[in-house]
Each structure stands twice: as structure tokens, then as C-alpha cells.
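Q: need a structure here:
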Amino acid sequence: MYGYIKGKVTEIESTYIIVENNGIGHLIYTANPYSFKEDEDVKVYLYNQVREDENTLYGFLTKEEKDLFLKLIGVKGLGCKMALPMLATGSINGIVDAIERENIL
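A: Sure thing, here's the model as predicted:
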């Protein structure tokens, strides 16, 4: 299990970033890859999803964002690939408020 990774962002794509750490490029899916900058030293909080056919890293700028992601994927029927874009839609407080108010819009 990973807690976080420190390294340099070497690549940014529409759904992921690559962070180089000790000569290894880690592909990390993020809610908003464009919040990172190339050649920037970063600390990315990680969630490692291990399945029979894949080993995927999901990354977050803050521990609070990661904690919310973990709560979202704890909901029956809501997986990582559905929860991650939800984090890109707004602030953590806004998402929590929308859930508490049962606001589906």
C-alpha cells in the first residue's frame, strides 16, 4: 500500500500524470491532471487499486481529497473510475455539501 510519492512531474495527459521517482516513471490517474505542472517537484497522495488484471495508481493533491475519494468508492456501485471525475467537478466542501443535501444537479 502506498501513502504518497514525491518526485518530478515528467508528463501530463488528459487523465493522468507521470511522476518520476528514483528513475522510475509512475503513471498516476488524477481528477485534474492540469493542476500539476511539468518539471515540478510534487507530493502526490496515492490510492493503489490492485485487481486480478490491473494495478492502478490514483493520485490526489491533498490528503482530504484522497479521504473523500475513499469514502466515495465505499459507496456500493461507485468505483474508482466513476469517483475520480467527481472530484474534478468542484471543491471538497462543495461535493460534501451536495451529498448531504442530496443535490443531484
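
Q: use CA for all of it now, contacts and neighbours both
A: OK.

Q: buried residues, the top helix by length along the chain. List them.
A: Ordering each helix of the chain by length in residues (DSSP state H) puts helix 63-73 first. By 16 or more other CA atoms under 10 Å, the buried positions in helix 63-73 come out as 65, 66, 68, 69, 72, 73.

Q: what's the closest non-adjacent residue to the fourth one?
A: The shortest distance from residue 69 to any non-neighbouring residue, by CA to CA, 6 or more residues apart in numbering, is to residue 83 (6.5 Å).

Q: which helix or strand contains that neighbour?
A: helix 80-87 (DSSP states H and E).

Q: for that helix, name the packing helices and strands.
A: Judged by 3 or more CA pairs under 8 Å, 6 or more residues apart in numbering; DSSP states H and E, helix 80-87 is in contact with helix 63-73.

Q: dump the C-alpha coordinates for the helix it packs on into CSV.
A: The C-alpha trace of helix 63-73 is given here as CSV (Å, rounded to 0.1, in the frame of the first residue of the first chain):
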residue,chain,number,x,y,z
LYS,A,63,-5.0,14.1,2.0
GLU,A,64,-8.5,15.5,2.3
GLU,A,65,-9.2,14.9,-1.4
LYS,A,66,-7.9,11.3,-1.0
ASP,A,67,-10.1,10.7,2.1
LEU,A,68,-13.2,11.9,0.2
PHE,A,69,-12.3,9.6,-2.7
LEU,A,70,-12.0,6.6,-0.3
LYS,A,71,-15.5,7.5,1.1
LEU,A,72,-16.9,7.8,-2.5
ILE,A,73,-15.6,4.4,-3.6
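
Q: quick one: contacts of stretch 16-27?
A: Identification of contacts with stretch 16-27 by CA atoms under 8 Å, 6 or more residues apart in numbering yields 5-12, 28-30, 33, 57.

Q: residue 43 contacts residue 63, correct?
A: No - the criterion here is CA atoms under 8 Å, and residue 43 misses it with residue 63 at 10.5 Å.

Q: off-centre distance for stretch 70-83?
A: For stretch 70-83, the separation from the chain centroid amounts to 12 Å (computed by CA atoms, centre = their mean, to the nearest Å).

Q: related to what we said a few turns ago, quick check: buried residues in the helix holding residue 83?
A: 80, 83, 84, 87.
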